[in-house]
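Participant: using only what follows, build the 3D model:
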Amino acid sequence: MPTQVRKRTGELVAFDQDKITAAIHKAMTALDLHDDATAKRLSDLVIETLADAGPIVDIEYIQDRVEDTLEAHDPRLYKAYSLYRRSRGLARDIKSYFRICDDLKLTANALKVLEERYLRRDDHGHIIETPTQLFHRVADAIASVEDHYHGNVTKTADAFYHMMANLEFLPNSPTLMNAGTNIGQLAACFVLPIDDSLQSIFTTLKDMALIQQSGGGTGFSFTRLREHGAVVRSTSGVASGPVSFMNIYDQTTDVIKQGGKRRGANIGILSCTHPDIEAFVTAKTGRRLSNFNISIAATDAFMKKIPNNEPLALRSPKTNKITKKIPAGDLFDQIAKNAWATGDPGMLFIDEINRRHPLKAIGSIEATNPCGEVPLLPYESCNLGSINLTKMIHHGKIDWDKLKTTTRLAVQFLDDVIDANKYPLTSTHDITHAHRKIGLGIMGFAELLYSLDLPYDSDDALKTADRLIRFIAKEAREKSIELGKTRGSFPAFPQSTWARRYPAMRNATILTIAPTGTISIIAGCSSGIEPVFALVFYRRVMEGKQLQEISEPFKLALIKRGLYTDDLIKRLATAHSAQDLPLPKDIKKVFVTAADIQPQAHLKMQATFQKYVDNAVSKTVNLPHNATWKDVRAIYMQAWQLHCKGVTVYRYGSKAEQVLYYGAKKPIVAPVDYAGGCPSGDCRL
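Facilitator: You can find the predicted model right below:
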């Protein structure tokens, strides 16, 4: 009978049967089998197989005996245990290759993302931080501001740490990268103004460079720039127009790799009534403006003119005089055709944005952050973070108490980030503190629906989404009111619409649905509220190495039903969907992927969340390759009718290059930082 265990490092530790029992219990819990007695009985059987093993045994030998025992007594438990063991082996390969100390037992893909973007390095490029140390660094830096409000710094830092280390909530990338470092820039979203002068244009260009260097993304409205060909009296020349200056911004972004870790991200926005609107619509054709998303600022007046193709007056931003009139329906067709062909432009419904903006008395919003989920006034910034919904499930149901606790703590975290942040611009510091906007969102929504046996494109899924986001909005708002009472409301509160409804409010805006990108890879879940893009795929993680990734709820559903086979998984890896495979109808009904879902279902889900989100919702409406431009046209019109604040589409294969390809009888392969949504990868914040 063994008394000691030799770990993979060679270290000897005391033999402990309880660890075997716990491992078996974990496999049982994954399959919703909650039976402590059975776990102990199986553990005893494992012990019997070790009777003649000698006083010292290798950990691998013990795990082999666990597999043998489970395979003989319950094939489902054997499959769950062996697949988890295999995944841990891959994770060990990653951490060994990159010399990462994995003290939280994260997935192989999470470790690769952390290695590439987040873990601190010394001057020689060597990693000097573990995942635990990363989360402590962030928690300590953010909680330090609690001292300003007579809070308990140590207790708060501990709560923040456990929330992140348990992957229940993660902040946006700049916070993970820069908190507790000399850079100290923690916000993801910025909007900068551009006025009609060279001084303004190039001052903003410099400001953009500073923000992107520190890891932030930037949004601009180019609407104030005079149109191409307009007279410039100071030089007796003519203006080159907004698109020409967008090219300069794009080229500048090209040479700035954000903080050495992230590529630059911008959005360029132009009013539908600008004289250069037609040139703007086609500005991204031919692989131009590769660092920009572009969107039309569409007014209600424009949208109402479309059905009858009424004239739309285009006005010079310099003189406000009408330069010409064009048929509104024809312009809308041009927008739809270009979005069908290239994925751009998207639409921002600017009147809806300003109607619901709580600070409309202070100014009008003209632009958003790069992916459109945070409309901001000039110089405003916003920090984001998302709740991992896969951690809010208990015994197949939503754990509302845990969701409440996590929501309230996350609001406090994001509010503290505002004070802990080192702002790249004085103007941004001042207006951000005046308004204290934050953006709390969610990720893992697709897996939540899978776990609840709800198809993404069902009425029940919409009802669940409504209840979920309404609950989060209520708890987040109540926490902000509580902070407003104890710490003081945001300084502009008396001028806000909230002042007519509440006695206090800490944050002008609170909720955002963002494309969570790499933080959802760390968390091991899907991006934002996007559907899963593939149930099985491979991810490129290092030289010549690809790791298989399987949707966890789907894998467990197959194991529970005795359907999991390596052959089935290989077949799924070459398909984007389970619909054509020999699987039970109920499984195929629940486990739909992005390409299985009709565009209208994507849109209805976005609109459901938007009802309760005071910022905006970033979501891609996925279209098959054979969709028509008229399909895009219908989606854009319906998005406005549903009171969405914006909409983007992506027709499969519409860009010259995309990060994800289906079919061709080859496995689906994604890059290390792709988490879902648009296959072009344009929104990877």
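Participant: residue 511 reaches residue 414, doesn't it?
Facilitator: No. If you go by Cβ atoms under 8 Å, residue 511 and residue 414 don't touch, sitting 10.6 Å apart. For the C-beta atoms, the positions are set from N, CA and C on the backbone; glycine is no exception.
Participant: identify the contacts common to those two.
Facilitator: Counting by Cβ atoms under 8 Å, 6 or more residues apart in numbering, the shared contacts of residue 511 and residue 414 are 439, 440.
Participant: could you list the low-pLDDT ranges of the stretch 201-350 of the chain?
Facilitator: Within the stretch 201-350 of the chain, the stretches with pLDDT under 70 are 236, 257-262.
Participant: the strands in it, which residues?
Facilitator: Remark: strands assigned in the stretch 201-350 of the chain by DSSP state E, counting those that start in this stretch are 217-221, 231-232, 237-238, 257-258, 262-263, 266-271, 292-298, 311-315, 322-327, 346-349.
Participant: could I get these as CSV with mean neighbour count?
Facilitator: Below are these laid out as CSV (neighbours: other Cβ atoms under 10 Å):
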stretch, mean neighbour count
strand 217-221, 27
strand 231-232, 14
strand 237-238, 11
strand 257-258, 16
strand 262-263, 20
strand 266-271, 26
strand 292-298, 26
strand 311-315, 17
strand 322-327, 14
strand 346-349, 27
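Participant: pipe those strands into a markdown table and attach distance to residue 401 per row.
Facilitator: Output for the strands of the stretch 201-350 of the chain, formatted as a markdown table (distance: least, Cβ to Cβ, whole Å):
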| stretch | distance to residue 401 |
| --- | --- |
| strand 217-221 | 35 |
| strand 231-232 | 63 |
| strand 237-238 | 65 |
| strand 257-258 | 38 |
| strand 262-263 | 36 |
| strand 266-271 | 38 |
| strand 292-298 | 39 |
| strand 311-315 | 52 |
| strand 322-327 | 56 |
| strand 346-349 | 37 |
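Participant: of those, which is nearest residue 517?
Facilitator: Within the strands of the stretch 201-350 of the chain, the stretch nearest residue 517 is strand 262-263; the backing value is 9.8 Å (Cβ to Cβ).
Participant: now the residue nearest in space to the middle of the chain, nearest residue through space, not along the chain?
Facilitator: Geometric centre of the chain, nearest residue: residue 516, 1.0 Å, by Cα atoms, centre = their mean. Excluding its sequence neighbours, the residue lying closest to residue 516 (Cβ to Cβ, 6 or more residues apart in numbering) is residue 443, at 4.2 Å.
Participant: cool, residue 619 as well?
Facilitator: residue 606 (4.4 Å).
Participant: ok, now residue 508?
Facilitator: Spatial nearest neighbour of residue 508, chain neighbours left out: residue 435 (4.4 Å); criterion: Cβ to Cβ, 6+ apart.
Participant: pretty sure that neighbour sits against residue 359.
Facilitator: Yes. Under the criterion of Cβ under 8 Å, residue 435 makes contact with residue 359 at 6.3 Å.
Participant: quickly list what's touching both of those two.
Facilitator: With Cβ under 8 Å, 6+ apart as the test, residue 435 and residue 359 both reach 377, 492, 508.
Participant: mind checking how far the nearest residue to residue 579 once chain neighbours are set aside is from residue 177?
Facilitator: Among residues not flanking residue 579 along the chain, residue 588 sits closest, at 5.5 Å (Cβ to Cβ, 6+ apart). According to Cβ to Cβ, to the nearest Å, residue 588 stands 40 Å off from residue 177.
Participant: among those two, which residue is more densely surrounded?
Facilitator: More crowded of residue 588 and residue 177, by other Cβ atoms under 10 Å: residue 177, with 24 against 17.
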